[in-house]
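Participant: Predicted model and sequence follow; I will ask about them next.
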Amino acid sequence: MVFLLSGRLISPEFAISELEEHKEEVLRKAKIDKGTFQGMLEILREHVIFVPEEFYSEFIPLALEICPDKDDADFVALSLKVNAPLWSNDRRLKEIREIKVLNTGEVLKLLGITR
């Protein structure tokens, strides 16, 4: 997800369908039940701005060029479009000079949740 300086999150809309597509894997790895999963999806829909690919499509070619993992290109393109940091714990993304990448600890610190 991309972290907007307003404290809001913005994400490509396909992220929700990806979560639903990999639901069983998420349930297993997170050790949660289907009801909890559905509740989490509802919270995401309420608090995250989901945008279609058309919103950031002009940045996809550059994102594909600079991204170490092409599966992350949409997130990088969105970060470029809105000029905001990408929230990811993928260390390889930190190598991208064109965007700032924050890990979870850095986001929590920025929000004043941790020191």
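Facilitator: Cool, got the structure.

Participant: From now on I want contacts and neighbour counts done on CA atoms only, so please keep to that.
Facilitator: Will do.

Participant: Do I have it right that residue 93 meets residue 68?
Facilitator: Yes. The pair residue 93 / residue 68 is scored as a contact, 6.9 Å apart, by CA atoms under 8 Å.

Participant: Can you pick out the residue with more neighbours from these two?
Facilitator: Under the criterion of other CA atoms under 10 Å, the comparison of residue 93 against residue 68 puts residue 93 first, with 21 against 15.

Participant: how close does that one get to residue 55?
Facilitator: Distance of residue 93 to residue 55, computed by CA to CA, to the nearest Å: 22 Å.

Participant: same question, residue 92
Facilitator: 25 Å.

Participant: burial measure for residue 24, as a count.
Facilitator: Neighbours of residue 24 under the rule other CA under 10 Å: 15.

Participant: Over to it. Which of the three states is it?
Facilitator: At residue 24 the chain is in helix, as set by DSSP: H, G, I helix; E, B strand; the rest coil.

Participant: for residue 72, same thing?
Facilitator: helix.

Participant: Find me the pLDDT at it, would you?
Facilitator: As predicted, residue 72 sits at a pLDDT of 93.

Participant: Same question for the one 10 residues further on.
Facilitator: In this model, residue 82 is scored at 94, pLDDT.

Participant: And residue 110, by the same measure?
Facilitator: 83.

Participant: Which parts of the protein are helices?
Facilitator: For the chain, helices defined by DSSP state H occupy the ranges 14-21, 23-30, 34-47, 60-66, 73-82, 104-110.
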